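>>> can you look at this prediction? I've put the sequence above it.
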Amino acid sequence: MTNYFNLTSLRRLAILYLTATLIACASTSKTPPEGGLPLPQLTEVISVPYARERAGKIDGVTVWQLPNAPGGERPDQCWLAVGSDAEGDIYISGHDHISNSMLYRMHQSDNTLRWVGDARTASQTANNWQVGESAEKFHTRPIAHNGRVYVATLDKSGMNTSYLSTRGFHWYGYDKVDNELLDLSASEQNGVGAAHLQIVTIQKDTKNNLLYGMSVPENKLLKYDVEQGITTVLGRPPAWNGYFYSNRFMWVDSRGRVYITGGSSRRQWNQDEPERVFNHVWYYDPLSGFGELPAFALQGANAIEVGQWDRTHKKLYSSDDQGNIYLFTDATASWTFLGRPDFSRSAKTWIFQLSADEKKIYIGRSDMGASRNAIYEYDIASGDSFELANMEELDKRASSEDFITGYDSWDSNGSFYIAAFSMNDNENVRMVAINPVRIKVAKGILPELVEVNAQAQADNIIVTRSGVAAQPLTLLYEVRAYNKDKHWVDSSYGELTFATHQKQIVVNSESIKRPNTHGLVTATLSLIGDGNVYVIGDNRQLLLAKL
């Protein structure tokens, strides 16, 4: 009898395993992820198209290939459409540049890239998709805000009247709790954010719960009230006439002012726009309207393309597509030109990643022809730069692609993420994770891999680092505070310093500064990889005593 039940149990387990295997295999895209089908996960059946990671050519590089949408559309392009949320999950848009745009989420918990929605499916669900309508691109970097990740459509991007043939753009919001992509414009007039207009970039105003968008080619600024679900067309400065290149990055300061730029000196995009109008930054103020800032000088009439705030949101670093780097300081609303990396101006700068210690910018050389695309390291203090790695060194398959794009897309492990793709080649976008510290160790730029960990011991926090500890080391950390509903409300930031030869720091947990926002109950301390000289290990987060 015992043997019979053991055999029966084994048969049941075998059936369960086979069933899970078949479901897991069936849920992959029509084009299998690179590296073959993943092993089935018996704890979860992934019912949407997904892809597992594979290793690149060098330590610190991981690659995913975006799966097709359930409807079969191929995500073969990704224009500046990689971003991350506060937890370090990565969001990337893939689009076929013909009919549909898809959104994907890379869960750090299992390193799996999942399709989470597409424009057509979300709009059809909301009964807001017309016959013959299309959504060529989510050109916007996915913006995480209050539990949702926002994108908007760009259906016609030419600097001509083709956009007038469209109904208008749609706002979409991916609800992370419900795991659903929603067509937010379905409740707006005529089912669009604005008639005919198409959006090339978006930005958030966290304090006022607003989203801003910039249209192309008219360069009109729009405002979306998140709570009300209403879009308002704000217009553009009176001196901005005609069609011209729109900024791909704009920013909002702590006072709610929106900073905008336009124009391009590149022959392929220049529309004879007057340089005197576009060689400096302009703004929109909610109280006074549009204005210009001649003192915020640009290196020619070249719109800002990419950018990233520091971790305390006090300084913003940005660049045009020629690699000219600027610094905006929020407290003084001041502007400084810093320099540019040492590569050809013919290259396109579509990669821009600021290290957490605010010492390095990893900036891309793109559109140079397949393997000549590369990542450079730019030193902010000195202005020096060097080629950290070309795409051929990082990954053979990704190096065959013509373009690399992506800015401000770091996970919580100290890696940033970019897209590698070509146009209309029937080959899906590759998403590449790059850990600059591990690459520098692998290439001998750093002498050893330094890993930092933390653990609680009674009332103390013990922080350790690996290696010979021949140099001092500054460790970054964040304290996140939560309310009674376990919602993250506020953060504070700090540093711990290892002296030369010191491998352990003991800190009393009560000495760690917490945010002083009212109504906070608990807090966590998380180590931050600096993106420059050290990485963090598995023991990186601790629960602090109640506030």
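Nice, I can see it. Numbers count the residues shown, from 1 in each chain.
>>> only C-alpha atoms from now on, for both contacts and neighbour counts.
Will do.
>>> so what's Arg54 bridging to?
Bridge pairing for Arg54 (DSSP bridges) gives the partners Val63.
>>> and what of Ala420?
Beta-bridge partners of Ala420, as defined by DSSP bridges: Ile404, Arg430.
>>> now for it: which residues touch it?
Shown in contact with Ala420 (C-alpha atoms under 8 Å, 6 or more residues apart in numbering): 78, 398-399, 401-405, 429-432.
>>> ok, which pair from those is furthest apart?
Within those, Cys78 and Ser399 form the most distant pair, 15.5 Å apart (C-alpha to C-alpha).
>>> hmm, back to that, need the contacts of Ala420 in JSON lines (columns: neighbour count).
Conversion of the contacts of Ala420 to JSON lines gives the following (neighbours: other C-alpha atoms under 10 Å):
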{"residue": "Cys78", "neighbour count": "34"}
{"residue": "Ala398", "neighbour count": "27"}
{"residue": "Ser399", "neighbour count": "22"}
{"residue": "Glu401", "neighbour count": "24"}
{"residue": "Asp402", "neighbour count": "18"}
{"residue": "Phe403", "neighbour count": "26"}
{"residue": "Ile404", "neighbour count": "33"}
{"residue": "Thr405", "neighbour count": "26"}
{"residue": "Val429", "neighbour count": "28"}
{"residue": "Arg430", "neighbour count": "26"}
{"residue": "Met431", "neighbour count": "26"}
{"residue": "Val432", "neighbour count": "25"}
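>>> list the residues that contact Thr62.
53-56, 432-434.
>>> make TSV from those and add pLDDT to it.
Listed next are the contacts of Thr62 as TSV, based on pLDDT from 0 to 100:
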residue	pLDDT
Glu53	97
Arg54	97
Ala55	98
Gly56	98
Val432	98
Ala433	98
Ile434	98
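>>> same list, those, but as JSON lines with distance to Val489 please.
Formatted as JSON lines, these follow (distance: C-alpha to C-alpha, whole Å):
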{"residue": "Glu53", "distance to Val489": "33"}
{"residue": "Arg54", "distance to Val489": "36"}
{"residue": "Ala55", "distance to Val489": "36"}
{"residue": "Gly56", "distance to Val489": "37"}
{"residue": "Val432", "distance to Val489": "31"}
{"residue": "Ala433", "distance to Val489": "29"}
{"residue": "Ile434", "distance to Val489": "30"}
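>>> return the members of the residues you listed classed as buried.
Listed as buried from the contacts of Thr62 are 53-56, 432-434; burial here means 16 or more other C-alpha atoms under 10 Å.
>>> partners of the helix or strand hosting Gly494 in the sheet?
Using DSSP states H and E, Gly494 sits in strand 488-498. Each strand paired with strand 488-498, and its direction, by DSSP bridges: strand 473-482 (antiparallel).
>>> check which residues of the partner strand are buried.
By neighbour count with 16+ other C-alpha under 10 Å, strand 473-482 contains the buried residues 473, 475-482.
>>> pLDDT on it, on average?
Strand 473-482 carries an average pLDDT of 96.
>>> stretch 130-142 now?
Average pLDDT, stretch 130-142: 97.
>>> please compute how far that stretch lies from its chain's middle.
Offset of stretch 130-142 from its chain centre (C-alpha atoms, centre = their mean, to the nearest Å): 19 Å.
>>> now swap in stretch 292-309 and tell me
21 Å.
>>> residues contacting that stretch, please?
245-250, 261-265, 275-283, 315-321, 324, 334-337, 349-354, 407-408.
>>> so which of these sit within helices?
275-278 (DSSP state H).
>>> can you put these in JSON lines and add pLDDT?
JSON lines is the format used below for those (pLDDT from 0 to 100):
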{"residue": "Glu275", "pLDDT": "97"}
{"residue": "Arg276", "pLDDT": "98"}
{"residue": "Val277", "pLDDT": "98"}
{"residue": "Phe278", "pLDDT": "98"}
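>>> including neighbour count and distance to Thr166, could those residues go into a markdown table?
As requested, those are exported to a markdown table (neighbours: other C-alpha atoms under 10 Å; distance: C-alpha to C-alpha, whole Å):
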| residue | neighbour count | distance to Thr166 |
| --- | --- | --- |
| Glu275 | 14 | 31 |
| Arg276 | 10 | 32 |
| Val277 | 18 | 29 |
| Phe278 | 23 | 28 |
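>>> may I ask you to confirm that Gln77 is in contact with Glu427?
No: applying C-alpha atoms under 8 Å, one finds Gln77 not in contact with Glu427, separated by 9.0 Å.
>>> who has more neighbours, these two?
Gln77 (29 against 17; other C-alpha atoms under 10 Å).
>>> now do that one, the pLDDT please.
For Gln77, pLDDT reads 97.
>>> give the contact list for it.
Neighbours of Gln77 in contact, by C-alpha under 8 Å, 6+ apart: 94-97, 421-423, 428-429.
>>> returning to that earlier point: and which of the ones in helices among the contacts of stretch 292-309 is nearest Glu87?
For the ones in helices among the contacts of stretch 292-309, the nearest to Glu87 is Phe278 (37.1 Å; C-alpha to C-alpha).
>>> the closest one contacts Thr261, correct?
Yes: contact criterion C-alpha under 8 Å: Phe278 and Thr261 qualify, at 6.9 Å.
>>> okay, the contacts of Ala420 in JSON lines with distance to Gln502 next?
What follows is those, written out as JSON lines (distance: C-alpha to C-alpha, whole Å):
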{"residue": "Cys78", "distance to Gln502": "45"}
{"residue": "Ala398", "distance to Gln502": "40"}
{"residue": "Ser399", "distance to Gln502": "41"}
{"residue": "Glu401", "distance to Gln502": "45"}
{"residue": "Asp402", "distance to Gln502": "46"}
{"residue": "Phe403", "distance to Gln502": "44"}
{"residue": "Ile404", "distance to Gln502": "40"}
{"residue": "Thr405", "distance to Gln502": "40"}
{"residue": "Val429", "distance to Gln502": "44"}
{"residue": "Arg430", "distance to Gln502": "41"}
{"residue": "Met431", "distance to Gln502": "38"}
{"residue": "Val432", "distance to Gln502": "35"}
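>>> ok, so of the residues you listed, who is nearest Trp171?
Within the contacts of Ala420, the smallest distance to Trp171 is 17.9 Å, found for Cys78 (C-alpha to C-alpha).
>>> ends of stretch 210-228, how far apart?
10 Å (C-alpha to C-alpha, to the nearest Å).
>>> how many other residues sit next to the closest residue to Asn279 other than its chain neighbours?
Distances taken as C-alpha to C-alpha, 6 or more residues apart in numbering place Ala301 nearest to Asn279, at 4.2 Å, with adjacent residues excluded. Close neighbours of Ala301, defined as other C-alpha under 10 Å, add up to 25.
>>> and the gap between Ala301 and His280?
7 Å.
>>> Ile199 too?
22 Å.
>>> these two: which has the busier surroundings?
Counted by other C-alpha under 10 Å, Ile199 and His280 do not tie: Ile199 has more neighbours, with 34 against 22.
>>> hmm, that one is touching Pro217, no?
No: using C-alpha under 8 Å, Ile199 is not in contact with Pro217, being 9.2 Å away.
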